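>>> Got a predicted structure plus its sequence, pasted below:
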Amino acid sequence: GVVVNHTDCRACSPIKEDDAVGVRFYATKPQLNGRTVGEYTLLCPRREDVEQSVCAGWDLGTEGKDVWAEFASTGSLRQEAAKFNGAIGFQFARLDGGAVAQKVRLAPGEEKTLDFVLSWYFPHLLSPGLPVIDYGHAYQNWFSSALEVGRKVLGAIDELLAGTKRWQEALLASNLPRWLVRKLCDDLAVLYSNTWYTRDYRFTMNESPTYMRGCLGTLDQRMASGGIFAMCFPALAEAELWEWVRQQIKEDDPQRYGLHWNCRTGRPDLLLDREGAIRHDLGWDHLEGGDYGTPGWALLHWPDLAPAFVIQCYSLAAWTGNEDFLRRVYPHLKRAMRFVARLDQNGDGVPELWGPGCCSYDNEHFPYYGASSYISSLYLAALRLAERIALRFGDAEFAGYCRGTADRVRKVLEGELWDPNRGYFISWRDKTAAAWEGGVRAHADRSENCTVAQLAGEWIGKMFGLPPGVENGRILSALRRIYELNVKPVAGCPANEVSPDGTIRSFSWAFYVEVYFACTAAYFGLADEALETLRRIDYAIHDCAGTPWDAPLVWEGPENTVPGWGRWYMSNPASWFYLHALGGLVYDALEKVLRIAPRLPTGIGDGRELKDLPIFLPGAWLKLSVRDEDRSRTVQLVVVQTIGEGWPSFDHLILDLPPGASLSTLRVETGEGKFLNWSHSPETNEIRVDPDRRLQNPGDRLRLRLSW
């Protein structure tokens, strides 16, 4: 709602420094909003072998025809006639357009690189709803003008470019398909377009800057987007997680009690104790408090938020080994899980849903009621991780509570939501549906649709080394049925939901598909199905829409290839979880355990070789290679670089038993031919090896050959 491009008050002036020349662009009149108060500079470095020229400026009303005509003929810009003030340079009555040019001569076969830097400095980060708060930007702690920023970049441009290219070239050096490498790179665009980093180092991310009116954080979407921060920017990830702790509903909170949908009456007349609840977001264009929602769209009551909070806190601790963070956040995790339990109204262990606006899948076309497979699976994973945390801190009482609740949730999943005839977990069932008859939300007692997120928690379990939450055969059956119904019939992004006969399918939330289905399928051995799912999503985003950097949440149309609602969506980086899933990699720095269980698709190394797969962790960047031959598998792990204080490495390595391997003849040897002892777990069909060396420093490598 604020006009940024004030054409009646733009101005520019030349910049002539010892090390740089360029143009400064600024405003000459007060701005309508403090957010638009700022400046840009366009700079190039001074070089003896390059002729630089600057024009500042011309009246854009004349399109600068004289300026550009001369440039076209001479290769140099002509400074417009102006009044000169020796102290501050050229000043103009009306200055709109400005440019900087560099002119070189090249001999045959000669190359030269010319650098230009566009920099900006907009010091005020204000909320239209709370204009008294100026959050500012973190960069103000290091710079005081756009010129300072530009000069800093000019001085470090080679280093910055090399660092950026290094991780991109590492992806290219692997044998990942080139379309997947491009997708992984493109999917990070929202890291700069959506993020807030304030002057006092508070961090968060816009859900969709142009559609969601400044909704910040969005914990459910962070399930798909937050991995890249935990992997590569752990301090930022931790800073944002503490924002949710700060806003958690406390015992003395004036919003502790509120009305909730009553499954016994079908009306929002149940008084709910909301102590411990985790908010959906951190604020709307500010960080002063997330939305509580409305009785119809009760955001604070969504049962997937607290599990998402537990899972994301554990992932940060597990990947960094930061036990102190986990210990400090643990009381808040307990309160959050106790709150979710109060959403269970019929005592079966599973929180009840109440129709549109009841969880992350908050669409009106496919409302959820009662016990949902998506919520049940995610909740089950959070309970199992919460039990692990409780046992770590010696809290036997809470560990027992989590274990008992998990057993009841598992019973609902396998006993009531599993459909043996269809081979998948149905979307939801509601034993209280009769109580809703005659009301505004009357509904059937079940939906037998096939939802793409029915195994959401199994992805989480695999990522942190938990055994399957439900029977393994049912997981594999459900994954295959999702592929047959939700993925295969759609040329573009797989459908969120499909009717049992496949005749009715929904639009797609592609980034949830990437984690809740594709990564799960990869971990459970459906390698070709996982990769093909990602390819179809890339086809819609890159080939059909052609705008990968502002990809939306919703994909619709006959083949789900048409961009729908919610551009610049924060969950774009979901694809980065696939790197771990492809290698079957599970890393827990708290337990000092690394698991490698690759299931290679035929589209990568003919299903027999994975070459130099980059694995990004908070303290180290690794490369994983796997090669399968007749009666042998070779696994190699290399430390490319360590970050900050380094990484805790691992003491125990767990490898899956390759297909066809014989335990009676299995041998494990190092690259130097040294044989290592190993032990086998019949329950998981994995072998445990204690390596003869630690991977601690750049260049360290571990090479193991399994033969039988």
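Ah, there it is. If you're wondering where the values come from, they're calculated on a predicted model, not measured in any experiment.
>>> Looks to me like Glu683 is in a helix.
No: counting by DSSP: H, G, I helix; E, B strand; the rest coil, Glu683 is not found in a helix; it is coil.
>>> Quick check: closest non-adjacent residue to it.
Leaving aside its sequence neighbours, Glu683 sits nearest to Pro467 (Cβ to Cβ, 6 or more residues apart in numbering; 6.9 Å). (Glycine included, C-beta is placed from N, CA and C.)
>>> Distance of the one you found relative to His332?
Here Pro467 is placed at a distance of 27 Å from His332 (Cβ to Cβ, to the nearest Å).
>>> and if you look at Val593?
With Cβ to Cβ as the criterion, Val593 and His332 are 26 Å apart.
>>> any chance you could map the strands in the stretch 201-350 of the chain?
Taking DSSP state E, counting those that start in this stretch as the test, the strands found in the stretch 201-350 of the chain are 203-205, 215-216, 257-262, 267-273, 283-284.
>>> Pro467 and His332: which has the busier surroundings?
His332 (21 against 11; other Cβ atoms under 10 Å).
>>> Do I have it right that that one meets Val245?
Yes: using Cβ atoms under 8 Å, His332 is in contact with Val245, at 5.0 Å.
>>> on that earlier part again, tell me which residues touch the residue nearest to Glu683, please.
Counting by Cβ atoms under 8 Å, 6 or more residues apart in numbering, Pro467 makes contact with Gly461, Glu683, Thr684.
>>> Now the phi/psi pair for it, please.
Dihedral pair for Pro467: phi -70, psi 160, per degrees, to the nearest 10.
>>> Give me the pLDDT value at it.
Pro467 is assigned 94 on the pLDDT scale.
>>> cool, Gly61 as well?
Listed pLDDT for Gly61 reads 71.
>>> distance of it from Gly97?
10 Å.
>>> Please say which of the two ends up with more neighbours.
Using other Cβ under 10 Å, the more surrounded residue of Gly61 and Gly97 is Gly97, with 21 against 10.
>>> Buried ones in the longest helix seen in the chain, by neighbour count?
Using DSSP state H, we find that the single longest helix of the chain is helix 146-173. Neighbour-count burial for helix 146-173, counted by 16 or more other Cβ atoms under 10 Å, picks out Ala146, Leu147, Val149, Gly150, Arg151, Leu154, Trp167, Ala170, Leu171.
>>> Show me the shaky parts of the stretch 51-200 of the chain.
79-96 (pLDDT under 70).
>>> 50 instead?
81-93 (pLDDT under 50).
>>> The chain too?
Those would be 81-93, if you go by pLDDT under 50 across the chain.
>>> Nearest to the spatial middle of it, which residue is it?
Ser225 (1.5 Å; Cα atoms, centre = their mean).
>>> Hmm, that one is touching Ser571, no?
Yes: look at Ser225 against Ser571 with Cβ under 8 Å: they come within range, at 4.5 Å.
>>> ok so, going back, closest one to Gly619 out of the contacts of Pro467, please.
Proximity of the contacts of Pro467 to Gly619 (Cβ to Cβ) peaks at Gly461, which lies at 23.7 Å.
>>> helix, strand or coil for the closest one?
Classified using three-state DSSP, Gly461 is helix.
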